[in-house]
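In: need a structure here:
(2 chains)
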2 protein chains.
Amino acid sequence: GNAGVAQAAYCALANIESIVFAPKYASREKIASIMIYGSRVFLVNGTFDDASRIARIVAEKLGWIYNGGVINPIRQEGKKTLAYEICEQLGWKAPDWYIQSVGMGTAAIGAFKGFKEMVDFDWINGMPRMACVQAEGCAPMVKAFKANSEVIEVVKEPKTIASAIAVGNPAGWPLLYRALKECNGIVEAVSDDEIIEAYKAIAKFEGIYAEPAAAAPLALVKKLREFDVIDANELIVCVISGFGLKDVSTTLSVVEKPIEVSIDIDEVLSKL
Amino acid sequence: GNAGVAQAAYCALANIESIVFAPKYASREKIASIMIYGSRVFLVNGTFDDASRIARIVAEKLGWIYNGGVINPIRQEGKKTLAYEICEQLGWKAPDWYIQSVGMGTAAIGAFKGFKEMVDFDWINGMPRMACVQAEGCAPMVKAFKANSEVIEVVKEPKTIASAIAVGNPAGWPLLYRALKECNGIVEAVSDDEIIEAYKAIAKFEGIYAEPAAAAPLALVKKLREFDVIDANELIVCVISGFGLKDVSTTLSVVEKPIEVSIDIDEVLSKL
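Out: Predicted structure coming up:
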């Protein structure tokens, strides 16, 4: 989804041929975006993991570059720059907490690399604690973390409103697991109801329209505050990683219906 | 549409109650955006002009602020900053041409004010020529411009893919007309086919996903080059004023269908 859109846009600008494999449940907005940028799209009758595996095999067979999240080191070099941007904008200090929703885990692994480099350079005083968030309906990392294991138990049928993180077999887990251990981090799950609550709150109170997966970090913050894991005076950065317009159907399913009126002023006034 | 989305987002952040009147043909994406930000939406069974008129009357009757494009001077003060940003990013010079799609005309009028102030301040050497663009299916300004008239002949039934500029009775015309005269500007129409061509080209070659109305300036540039109104060595700035995801149905109507495949590699390879 999101990675496919980004790939399509940058390949358009660089005049590189691009093909995207997506699961058939990918949102129409993401598919439309990928196609208008000129990439071909294969809709796979399966999960994110199926699409990902097919892309890897096809790339191997044909000698193309596989733009896979965790396997491709260039992706991490790109992702890590978000950590640099955060610290730069904070006047070269790290936040106390870095909160990120995780599907494959690429963004979190990349950010961890960025923070670590900055500590090595003495640009910041120390690492932030990383709190990663998954949806309850697809939380293989949470389960493995609680079991202190680098081995994922695959979720065959992810079931969550947060489609962008519905990854049942995340290849990045061993890397992310070690990163979390090193920075005293955690990975925790939130329910779809909690995600929707955060999704509405961040739009209504901050004027930020995030897609559900991108609102999950705020839901986690609320939970971690309730359990006193995060203190009220700590500096928290939530990464909002996807724009709400990428999944309009979800929005329409959680807001009220608009009020339909004729062009008669009295009718309008009576319905105000 | 777009103005309603912006109003809803900023009101959310500022904790101000907001109501948006939109024509019933406004895209579901725009309506979803407005509602998730917490604004109430009235869908008027009529045109943009009907919705605009009802909003103005309701605001007058109830003593609320009417956020109308041209009547509200604060809007122009906001819009003019885009001219400042353009000249700043060009190292404090004006482009030769400033190209803008126009519905109400607010953005063009605001930008004109900004350029003029910078000339007065001696921040730039002279005014750019402004070229405004409308869709052939709703081009009341083009008609009035050709007739050298400040009076609009209302387009009762706008018919164009560029819904964001489908304004049949633009209140801003007298102001824009004088601005165009002063900067040796023009307003010209392009067809929906030309808009769609530009819409696809800007995505495919620049990696920019614009809504149709926002791609119209590029269609106009092509036309003005063909007629040698614009020289090849002139510096042109096109304002791309709306994101493509605000109208996904249009995208899906102009791109090819994605290719559906099973999880069988041989099938995938055969369809590549």
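
In: A:M118 contacts A:N125, correct?
Out: No. Counting by CB atoms under 8 Å, no contact exists between A:M118 and A:N125, whose distance comes to 9.6 Å. (C-beta placed from N, C-alpha, C; glycine too.)

In: Report the mean per-residue pLDDT for the longest helix along chain A.
Out: When chain A is scanned for its longest helix (criterion: DSSP state H), the result is helix A:73-89. For helix A:73-89, the mean per-residue pLDDT is 94.

In: list the helices and strands that helix packs on?
Out: For helix A:73-89, the helices and strands in contact under the criterion 3 or more CB pairs under 8 Å, 6 or more residues apart in numbering or on different chains; DSSP states H and E are helix A:106-120.

In: Let me see the mean pLDDT of the helix it packs on.
Out: 97.

In: That helix: what's the following helix or strand?
Out: On the C-terminal side of helix A:106-120, the closest following helix or strand by DSSP states H and E is strand A:129-135.

In: Could you check the angle that following strand makes with helix A:106-120?
Out: Between the direction of strand A:129-135 and that of helix A:106-120, the angle (axes from the mean of the first three to the mean of the last three CA atoms, to 10 degrees) works out to 180 degrees.

In: next one: strand A:129-135 to chain centre, how far?
Out: 10 Å (CA atoms, centre = their mean, to the nearest Å).

In: Over to stretch A:258-269?
Out: The offset between the C-alpha centroid of stretch A:258-269 and the centroid of the whole chain comes to 40 Å, using CA atoms, centre = their mean.

In: so how many other residues sit close to A:G78?
Out: A count of neighbours around A:G78, defined by other CB atoms under 10 Å in any protein chain shown, yields 15.

In: Please apply the same query to the one 3 residues further on.
Out: The burial metric for A:T81, expressed as a neighbour count using other CB under 10 Å, is 13.

In: Find the nearest non-adjacent residue to it, please.
Out: For A:T81, ignoring the flanking residues on the chain, the nearest one in space by CB to CB, 6 or more residues apart in numbering or on different chains is A:G114 at 6.7 Å.

In: which residues do A:M118 and A:N125 both contact?
Out: A:A94 (CB atoms under 8 Å, 6 or more residues apart in numbering or on different chains).

In: Those two: which has the busier surroundings?
Out: Shown here are A:M118 and A:N125; by other CB under 10 Å, A:M118 has more neighbours (23 against 10).

In: Can you get me a residue count around the residue nearest to that one when sequence neighbours are not counted?
Out: In space, and not counting its chain neighbours, A:M118 is closest to A:I124: 4.6 Å by CB to CB, 6+ apart. A:I124: 22 surrounding residues under other CB under 10 Å.

In: for A:N184, same thing?
Out: A count of neighbours around A:N184, defined by other CB under 10 Å, yields 10.

In: who's in contact with it?
Out: Residues A:R129 are the ones in contact with A:N184 under the rule CB under 8 Å, 6+ apart.

In: try it again with 10 Å
Out: Taking CB atoms under 10 Å, 6 or more residues apart in numbering or on different chains as the contact definition, A:N184 lies against A:127-130.

In: domain parsing for chain A?
Out: Under the assignment named as automatic domain parsing, the residue ranges that make up the domains of chain A are A:2-62, A:76-253.

In: closest one to B:Q7 among those?
Out: The closest approach between B:Q7 and any of the domains of chain A, judged by CB to CB, belongs to domain A:76-253 at 10.4 Å.

In: end-to-end on the closest one?
Out: The distance separating the two terminal residues of domain A:76-253, taken as CA to CA, to the nearest Å, comes to 35 Å.

In: Run the chain-centre distance for that domain.
Out: When distances are taken as CA atoms, centre = their mean, domain A:76-253 is centred 7 Å away from the chain's centroid.

In: Could you say which helix or strand holds A:Y98?
Out: Remark: A:Y98 resides in strand A:97-101, with elements defined by DSSP H and E.

In: Could you tell me which residues within that strand count as buried?
Out: Residues of strand A:97-101 classed as buried by neighbour count (16 or more other CB atoms under 10 Å in any protein chain shown): A:97-101.

In: And for stretch A:126-136?
Out: Taking 16+ other CB under 10 Å as the basis for neighbour counts, the residues of stretch A:126-136 that come out buried are A:127-136.

In: Now for A:R28, how many residues are close by?
Out: Neighbours around A:R28, by other CB under 10 Å: 16.

In: so what's the residue nearest to it when sequence neighbours are not counted up against?
Out: The shortest distance from A:R28 to any residue other than its chain neighbours is 6.1 Å, reached at B:V248 (CB to CB, 6+ apart). Counting by CB under 10 Å, 6+ apart, B:V248 touches A:27-33, A:36, A:245-246, A:248, B:27-29, B:211.

In: For B:V248, give its distance to B:G185.
Out: Computed as CB to CB, to the nearest Å, the B:V248 to B:G185 distance reads 33 Å.

In: Low-confidence stretches in the stretch 51-200 of chain A?
Out: With pLDDT under 70 as the threshold, the stretch 51-200 of chain A has low-confidence stretches at A:69.

In: Might one say that A:I31 is in contact with A:R40?
Out: No. Assessed by CB atoms under 10 Å, A:I31 is found out of contact with A:R40, at 11.3 Å.

In: Of these two, give the one with the bigger neighbour count.
Out: Comparing A:I31 with A:R40 by other CB under 10 Å, the one with more neighbours is A:I31, at 24 against 17.
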